[in-house]
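Q: Can you look at this prediction? I've put the sequence above it.
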Amino acid sequence: MSLDPATVRRIARLARIHLDEAEVPRLQDELNAILGWIEQLNELDVADIAPLTGPAQMALKMREDRVTDGGLREAVLANAPDRAGDFFAVPKVVE
Amino acid sequence: MSYVIEGGTGAWEVVIGLEVHAQVVSQAKLFSGAATAFGAEPNTQVSFVDAAFPGMLPVINRECVAQAVRTGLGLGAHINLVSRFDRKNYFYADLPPGYQISQYQHPIVGAGVIEIELADGSTKSIGVTRLHLEQDAGKSLHDQHPTKSYIDLNRAGVALMEIVSEPDLRSPEEAGAYLRKLRTILRYLGTCDGNMEEGSMRADVNVSVRKHGEPFRTRCEVKNVNSVRFVMQAIEVEAKRQVEIWEAGGAVDQETRLFDAARGITRSMRSKEEAHDYRYFPDPDLLPLVLDEAWIAELKAALPELPDAKRRRFMQQYGLPFYDSAVLVAEQATADYYETVARGRDAKLAANWVMGDLFAALNRTGRTIETSPVPAAALGALLDLMADNTINGRIAKEVFEAMVDTGEAPGAIVERKGLRQVTDTGAIDAAVAAVLAANPEKLAEYRSGKEKLFGFFVGQVMKAMAGKGNPALVNDALKRQLG
């Protein structure tokens, strides 16, 4: 598997990472090296092994349906770059 | 008579599938302990988990899982004992983590079915593909400031059930019936309040068109439609748009569209195109969700009687027609009200009163069945007064209106207004004799063969008796004196 420059640009755009055109070849090489490394896993035969979805062989812990959190408006808003009254304020996003 | 769109090249069939997002009824959110109540002050029901502060970890709410299982059971669906949570990645201002926790490949509930009822009295089974649990996003307000959007995260992290139908629906009417039926089932189960105005239920509508017998053509998804009426309108205009494109020799692009209710059109949401690359992957913060069969059995045993079963019971136990039964079971509160009125009484008469006079009174007064000015027991007492001949049916309507206005018991109204039915045959005979004496010409016409006038005489006698005559006795007396 090998990534072309267009795919590298697309991955960057989806992740909202700005990329100068000059950086594309270097990132392409780095990503391809990582993929090549991961691809070694394909050498293993896992046909009869159930997929492992996590490292811990245990089920999800659940919590009771009780309100135990919230009421933290000032703390929640404290790090916001911008706020308007009790709201977060962001550059306008409209459909 | 199936629904088609007549185009220049012939009839087009419409193919519809619905994805319904139903907000789960719970106290706390799906993965945090913040409250879910509607209408709180902005950003007061937000935990650090919901705001995606670094290092915060999700812990699943057992009740939200139970609600999804109950809903699956209510849809006759397969419950998957092992399911998994995935991250659906996209950037939007009301989604602080940059991903929504959802279930992509392994949903908690598999295939089920919903039986819908159509206006012509027929029913149709609509397949449910799956149901999965996911988080809601926050709310964006775009109209508060010229260059900024305001974000309230109170809704962020609230549990949603996404319920996906098979593309089995073929008309706006069927889509409307499906949504109403799903809403009824969810409300019976208590797993979603079904309140579309508050956004507790929202639908994404997949629409395509085809000539009869063809395979499916390209579909478009109309996003976030928030009422049954708008869903039906959106299908109609979107299907017509697609027919025009195909007939002009073009091809429909698969895309996401918005329904503009004010203008009655759908329009493209171009910005969503790239966002479709969600790069799902298993959420590393969450282990697989493994359910215990005994727990599922426990939840199943505690399910209420569901609408279809209740409708069948109403038809059998009370001898009601399909239509009446379907109307009465649409809301559990209505069904309970009806059963209180019907128990031990004339069940069909009870249905007529509930669906006729009571529904009209609720409409007129802007009340609901829960806040009805006439409690079920009082309506039952009114029926008793008719059954034991204390009042006749016509007076009963008058008493009912007084009950709506004053909240008084029917017996008290009858006594206060002196509405007790006259069964004294002497008084009835006298009233009949007086009416006949006052209308010699009509009497002559009647005797010369114009028997239709019998109704006229009944009306006159009842009028003379202020409506309180026993109708059967008045008829008897008239027949005797005329004959």
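A: Done, it's in. None of the values given here were measured: they were computed from a predicted structure.

Q: got the contact list for the residue nearest to A:Val8 when sequence neighbours are not counted?
A: Closest residue to A:Val8 apart from its sequence neighbours, by CB to CB, 6 or more residues apart in numbering or on different chains: A:Gln28 at 5.0 Å. Heads up, the C-betas are built off the backbone N, CA and C, glycines and all. Neighbouring residues of A:Gln28 by CB atoms under 8 Å, 6 or more residues apart in numbering or on different chains: A:3-5, A:8.

Q: Okay, buried residues for the biggest helix by length in chain A please.
A: For chain A, the helix that runs over the most residues, judged by DSSP state H, is helix A:24-39. Judged by neighbour count (16 or more other CB atoms under 10 Å in any protein chain shown), helix A:24-39 contains these buried residues: A:24, A:27-28.

Q: Against which helices or strands is the very next helix or strand once past that helix packed?
A: Next along the chain after helix A:24-39, taking DSSP states H and E as the criterion, comes strand A:62-63. On a contact count with 3 or more CB pairs under 8 Å, 6 or more residues apart in numbering or on different chains; DSSP states H and E, strand A:62-63 meets strand B:60-61, helix B:62-74.

Q: What strands flank the first one, and is each parallel or antiparallel?
A: Strand pairing for strand B:60-61, using DSSP bridges, gives strand A:62-63 (parallel).

Q: quick one: the partner strand to chain centroid distance?
A: Computed by CA atoms, centre = their mean, to the nearest Å, the chain-centroid distance of strand A:62-63 equals 25 Å.

Q: what comes into contact with the helix or strand that that strand is followed by?
A: Scanning forward in sequence from strand A:62-63 by DSSP H and E, the next helix or strand is helix A:73-77. For helix A:73-77, the external contacting residues (CB under 8 Å, 6+ apart) are A:83, A:86, A:88, B:41-44, B:46, B:48, B:51, B:153.

Q: What residues of helix A:73-77 count as buried?
A: For helix A:73-77, burial by neighbour count (16+ other CB under 10 Å) applies to A:73, A:76-77.

Q: and those as CSV, adding distance to B:Leu73 and pLDDT?
A: Output for the buried residues of helix A:73-77, formatted as CSV (distance: CB to CB, whole Å; pLDDT from 0 to 100):
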residue, distance to B:Leu73, pLDDT
A:Arg73, 38, 96
A:Val76, 37, 95
A:Leu77, 41, 96
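
Q: Can you lay out the residues you listed as a markdown table showing distance to B:Leu75?
A: Compiled in a markdown table, those are given as follows (distance: CB to CB, whole Å):
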| residue | distance to B:Leu75 |
| --- | --- |
| A:Arg73 | 38 |
| A:Val76 | 37 |
| A:Leu77 | 40 |
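
Q: closest to B:Ala22 among the residues you listed?
A: A:Val76 (26.8 Å; CB to CB).

Q: circling back: how near is the residue nearest to A:Val8 to A:Arg13?
A: Separation of A:Gln28 from A:Arg13 (CB to CB, to the nearest Å): 15 Å.

Q: Repeat that for B:Gln460.
A: Applying CB to CB, the value for B:Gln460 to A:Arg13 is 87 Å.

Q: now B:Tyr150
A: Taken as CB to CB, the span from B:Tyr150 to A:Arg13 is 27 Å.

Q: How about B:Gly199?
A: Per CB to CB, B:Gly199 is found 31 Å from A:Arg13.

Q: these two touch, right, B:Leu358 and B:Leu379?
A: Yes - B:Leu358 lies in contact with B:Leu379 (CB atoms under 8 Å); the separation is 6.6 Å.

Q: Which elements pack onto the host helix or strand of B:Val15?
A: Per DSSP H and E: B:Val15 is located in strand B:10-23. If contacts are counted by 3+ CB pairs under 8 Å, 6+ apart, strand B:10-23 sits against strand B:4-7, strand B:159-165, helix B:172-189, strand B:201-210, helix B:228-247.
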